[in-house]
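S.K.: sequence first, predicted coordinates after that:
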Amino acid sequence: MAFLGGLFSKEKKESLNKGLEKTSDNIFSRLGKALVGKSTVDDDVLDNLEEILVSSDVGINTTLKIIERIQQRVARDKYLGASELDRILKEEIAGLLAETQSEDVQDFTIPEGKKPYVIMVVGVNGVGKTTTIGKLSAQFKVHGKSVLLGAADTFRAAAVDQLKLWGERVGVPVISKGMNTDPSAVAFDAVQEGLNQGVDVIIIDTAGRLHTKVNLMNELSKIKRVIQKVIPDAPHEVLLVLDGSTGQNAVIQAREFTKATEVTALAITKLDGTAKGGVVIGISDEFKIPVKYIGVGEKIGDLQVFNKTEFVDSLFSRK
């Protein structure tokens, strides 16, 4: 975990470039073929670009928005050449992300005056939710924050055990009552204990899926109410974890969870194994919820704070 400190060190940048390599190659190898023999950005080029963006899981609505903006620029700048399409595309994607993302965050920070800072983590099973919590805990620790975890995903024994293993691995205490216990009771105990110990960050894991959306909504609402008995303005963050490699399935999951609870931040994992990294752009644009963390590899340091400037730069950095 030696290189975790410092905003976009050389190692972090290399990790981000490598993590987005498949998406970048997919977009630009196909774009290069679409531009062969073209000197201007005509309808044929834009049709090809639309297909390329959709296939990279940018999403239909976001793709159409990007295409429309490029069309407006072509109409305005009459002599726009096909060779400039890379630059224009980069500028428009950066512009879209800027509408949703706040200023680029300086590493793993928490707001001043919120101690303990309570994060409730939601997301379906299999997206890397527990692993993200473990990596996030390690990152906060490296940046000088004390952390406590609450194992409130009590519907799966594996979830509780996995969180305990992560706690042992990164040296963070875990409050657990085992499987088939009341999740809100675990959350209450975790927040109470964290408050008593004066920790900086409390992270509460929650069930990935209940039988119906109504059950999910009720369970998450109950956990929130119980947490607020201890800290009235908590949870300070509801972090939805999504698997970027599932493309449009991640979008569907985001729709379900934003209906079930108030999601305030997103973590998009497994971007290194997919050419569908465009989903980050589409999800950010559609839900107007900031992407806070991205996973671009297996190592703990490969969970990175999302930096829109560096993300776009890496997306467009081809060999």
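M.R.: Arrived safely. Source: prediction; values computed, not measured.
S.K.: alpha carbons only for contacts and neighbour counts from here, please
M.R.: OK.
S.K.: now the closest residue to residue 260 other than its chain neighbours: how far from residue 123?
M.R.: Computed as CA to CA, 6 or more residues apart in numbering, the closest residue to residue 260 that is not its neighbour in sequence is residue 217, at 4.6 Å. As judged by CA to CA, to the nearest Å, residue 217 and residue 123 stand 12 Å apart.
S.K.: same check on residue 287?
M.R.: 15 Å.
S.K.: what do you get for residue 145?
M.R.: Counting by CA to CA - residue 145 and residue 123 are separated by 24 Å.
S.K.: same check on residue 86?
M.R.: Counting by CA to CA, the gap from residue 86 to residue 123 is 35 Å.
S.K.: okay, the two: which has more neighbours?
M.R.: residue 123 (26 against 13; other CA atoms under 10 Å).
S.K.: who's in contact with the more buried one?
M.R.: Residue 123 makes contact with 129, 206-209, 240-242, 253, 257, according to CA atoms under 8 Å, 6 or more residues apart in numbering.
S.K.: narrow these to those in strands?
M.R.: Assigned to strands by DSSP state E, the following of those qualify: 240-242.
S.K.: strands of this protein, residue ranges please.
M.R.: 117-122, 147-151, 174-175, 201-205, 237-243, 265-269, 291-295, 303-305.
S.K.: roughly how far is the fourth one from the heart of the chain?
M.R.: This points to strand 201-205. 17 Å (CA atoms, centre = their mean, to the nearest Å).
S.K.: sorry, back to before: mind checking pLDDT for the residue nearest to residue 260?
M.R.: At residue 217, the pLDDT value in this model is 85.
S.K.: got it, and residue 93?
M.R.: On the pLDDT scale, residue 93 gets 93.
S.K.: could I get the buried residue list for stretch 159-171?
M.R.: 159-160, 163-164, 166-167, 170 (16 or more other CA atoms under 10 Å).
S.K.: nope, stretch 103-118 is what I was after
M.R.: Quick answer for stretch 103-118 (16+ other CA under 10 Å): 107-108, 110, 115-118.
S.K.: again, but for stretch 147-163
M.R.: 147-155, 159-160, 163.
S.K.: report how many residues lie close to residue 196.
M.R.: Neighbour tally, residue 196, other CA under 10 Å: 10.
S.K.: quick check: it vs residue 163, distance?
M.R.: 21 Å.
S.K.: report the beta-bridge partners for the residue sitting nearest the centre point of the chain.
M.R.: Centroid check for the chain by CA atoms, centre = their mean gives residue 267 as the closest residue, at 2.2 Å. Listed beta-bridge partners, residue 267: residue 241, residue 293 (assigned using DSSP bridges).
S.K.: now do the same contact list for it.
M.R.: 239-242, 291-295.
S.K.: out of the buried residues of stretch 159-171, which sit inside helices?
M.R.: Judged by DSSP state H, the buried residues of stretch 159-171 include 159-160, 163-164, 166-167, 170 as members of helices.
S.K.: columns distance to residue 189 and pLDDT on top of those, output as JSON lines?
M.R.: JSON lines is the format used below for those (distance: CA to CA, whole Å; pLDDT from 0 to 100):
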{"residue": "159", "distance to residue 189": "18", "pLDDT": "90"}
{"residue": "160", "distance to residue 189": "15", "pLDDT": "92"}
{"residue": "163", "distance to residue 189": "16", "pLDDT": "96"}
{"residue": "164", "distance to residue 189": "16", "pLDDT": "96"}
{"residue": "166", "distance to residue 189": "19", "pLDDT": "96"}
{"residue": "167", "distance to residue 189": "17", "pLDDT": "97"}
{"residue": "170", "distance to residue 189": "21", "pLDDT": "95"}
